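Asker: below are the sequence and a predicted model for it; my questions follow.
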Amino acid sequence: MFTHESLKKALFANGISRRGFLKYCTTLASMLALPTSMAATIAQKIEQAKRPSVIWLHFQECTGCTESLTRSHAPTVESLIFDYISLDYHETLLAAAGHDAEKAMEVAMHDNKGQYILVVEGSIPVKHPEYSTVGGQTNLDVLKKTAKDAAAIVAVGACASFGGLPHASPNPSDAVSVSEIIKDKPIVNIPGCPPIPVVMTGVLAHYLIFGALPALDELGRPKTFYGQTIHDRCPRRSFYDRGLFAESFDDAGAKAGWCLYRLGCKGPTTHNACATIKWNDQTSWPVESGHGCLGCSEPNFWDAGGFYKALSIPSSDYHRVAGYAVAAGLAVGAVAGSMNKMKKSKAAKAHETVSVDDWDERS
């Protein structure tokens, strides 16, 4: 256990220079949508923080969320585990197995009662709990047991946040999300299939620095990362406003970067930061690579409509959903004619230096 060791000591012991530390604090402030002036506060908090114990559970899922996490670049999973948190139980990354693994979880729960962070990956079957068991215990029993003394719960992925693919029709196991079972703990949902790795590490970093979960929207998602739709920041947005849509994935419009709305892109109704943070160390993301958004960070995304079927928004809801996108489109005179043609088929979203006096400068 390392929960009584300050992060400052851990960073110093791992050769992190003062300059590198201050740069990281500034970067972290930017990632969390905070002003750079908050870097001083972040530095102070990190110096004083204790490494929180984290218990990570796997239920009905594909381990894609963990796979995504291990590809995080800011911070990396190695620094996240060894410098910032004490990952005391994780069935995929844990070196121990069997009774030794279960003992590690019990010790972490006992020694950090009321202080550990519980991370859940995967949905929970309630109609047939025996569909998914770990060490002879059902997911439902394990969740209730570990959630009891947790300080907070982080539901990572579409499955843990909203039920995900296991919840899709006909949902034979009656899979549900974490929040449908646990009602007396603070829960943050980080949906996606899988979520963006930096979002997962960013939420943990926020809890570490401020001792509380970030501001959440009505679905329990951190506003910093889910406050805008994919459509709001999409590089193809200008083509949408001009009424230029690809009609197939290989036509001239698609090759020219036109909007993929008519090919089933769910960007106008999907809240996530894919367009700004991107994937694989900010290399690209689905829409940039030529595929429409699947809407995987929204509830019931699998059943919400075919991947290649355009969104259909009732005319009464059009202005609420389209919001300023409609105004922007109408502002372009050349779009006026095409707007009338598209009214029934298109939609959009209404939708300083910091000093660490007792930390020696190290190169």
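Answerer: In hand now; what should we look at? Numbering: from 1, shown residues only.

Asker: kindly report the domain assignment for the protein.
Answerer: As assigned by automatic domain parsing, the chain contains the domains 7-224, 230-342.

Asker: worst mean pLDDT among those?
Answerer: Lowest mean pLDDT within the domains of the chain: domain 230-342, a mean of 77.

Asker: please identify the most buried of the domains of the chain.
Answerer: Among the domains of the chain, domain 7-224 has the highest mean neighbour count (mean count of other C-beta atoms under 10 Å), at a mean of 19. Quick note: C-beta positions are derived from backbone N, CA and C, even for glycine.

Asker: please name the bridge partners of the residue nearest to the spatial centre of the chain.
Answerer: Geometric centre of the chain, nearest residue: residue 190, 3.7 Å, by C-alpha atoms, centre = their mean. Beta-bridge pairing of residue 190 under DSSP bridges involves residue 156.

Asker: for residue 284, same thing?
Answerer: Assessed by DSSP bridges, residue 284 has beta-bridge partners residue 279.

Asker: my read is that it contacts residue 275, right?
Answerer: No - in this structure, residue 284 is not within contact of residue 275 by C-beta atoms under 8 Å, at 10.7 Å.

Asker: quick one: the helices in the stretch 201-350 of the chain, in order.
Answerer: Using DSSP state H, counting those that start in this stretch, the helices of the stretch 201-350 of the chain run over residues 223-226, 230-233, 237-241, 252-255, 274-277, 318-322, 324-331, 336-342.

Asker: packing partners of the first one?
Answerer: In terms of contacts (3 or more C-beta pairs under 8 Å, 6 or more residues apart in numbering; DSSP states H and E), helix 223-226 is packed against helix 197-210.

Asker: residues making contact with the helix it packs on?
Answerer: Residues from elsewhere that reach helix 197-210 (C-beta atoms under 8 Å, 6 or more residues apart in numbering): 7, 28, 31-32, 41-42, 45-46, 49, 52, 54, 65, 68-75, 77, 80, 84-85, 117, 152, 154, 156, 188, 190, 192, 213-214, 222, 224-225, 273, 277.

Asker: next: stretch 58-68.
Answerer: With C-beta under 8 Å, 6+ apart as the test, stretch 58-68 has contacts from 56, 90-93, 120-125, 131-132, 134, 139, 142-143, 156-157, 159-160, 164, 166, 173, 175, 192-197, 200.

Asker: now the helices for the stretch 1-150 of the chain?
Answerer: 7-13, 18-31, 39-48, 64-69, 77-79, 98-111, 139-147.

Asker: could you check the angle helix 39-48 makes with the second one?
Answerer: Using axes from the mean of the first three to the mean of the last three C-alpha atoms, to 10 degrees, the inter-axis angle of helix 18-31 relative to helix 39-48 is 120 degrees.

Asker: only C-alpha atoms, please: export helix 18-31 in PDB.
Answerer: C-alpha atoms of helix 18-31 as PDB (Å, rounded to 0.1, in the frame of the first residue of the first chain):
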ATOM      1  CA  ARG A  18      10.900  20.400 -10.900                       C
ATOM      2  CA  ARG A  19      10.600  21.900 -14.400                       C
ATOM      3  CA  GLY A  20       8.900  18.800 -15.700                       C
ATOM      4  CA  PHE A  21       6.500  18.900 -12.700                       C
ATOM      5  CA  LEU A  22       5.500  22.500 -13.300                       C
ATOM      6  CA  LYS A  23       5.000  21.800 -17.000                       C
ATOM      7  CA  TYR A  24       2.800  18.900 -16.200                       C
ATOM      8  CA  CYS A  25       0.600  20.900 -13.800                       C
ATOM      9  CA  THR A  26       0.100  23.500 -16.600                       C
ATOM     10  CA  THR A  27      -0.800  20.800 -19.100                       C
ATOM     11  CA  LEU A  28      -3.200  19.200 -16.600                       C
ATOM     12  CA  ALA A  29      -5.000  22.500 -16.000                       C
ATOM     13  CA  SER A  30      -5.500  22.900 -19.700                       C
ATOM     14  CA  MET A  31      -6.800  19.300 -20.100                       C
END
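
Asker: if you count contacts, what does that helix end up packed against?
Answerer: Judged by 3+ C-beta pairs under 8 Å, 6+ apart, the packing partners of helix 18-31 are helix 39-48, helix 197-210.

Asker: what are the C-alpha coordinates of the shortest one, in CSV please?
Answerer: The reference is to helix 39-48. Coordinates of the C-alpha atoms in helix 39-48 are reproduced here as CSV (Å, rounded to 0.1, in the frame of the first residue of the first chain):
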residue,chain,number,x,y,z
ALA,A,39,-1.4,25.4,-12.2
ALA,A,40,-0.1,26.8,-8.9
THR,A,41,-3.1,25.3,-7.1
ILE,A,42,-2.6,22.0,-8.9
ALA,A,43,1.0,21.9,-8.0
GLN,A,44,0.3,22.6,-4.3
LYS,A,45,-2.5,19.9,-4.2
ILE,A,46,-0.3,17.3,-5.9
GLU,A,47,2.5,18.0,-3.4
GLN,A,48,0.2,17.4,-0.5
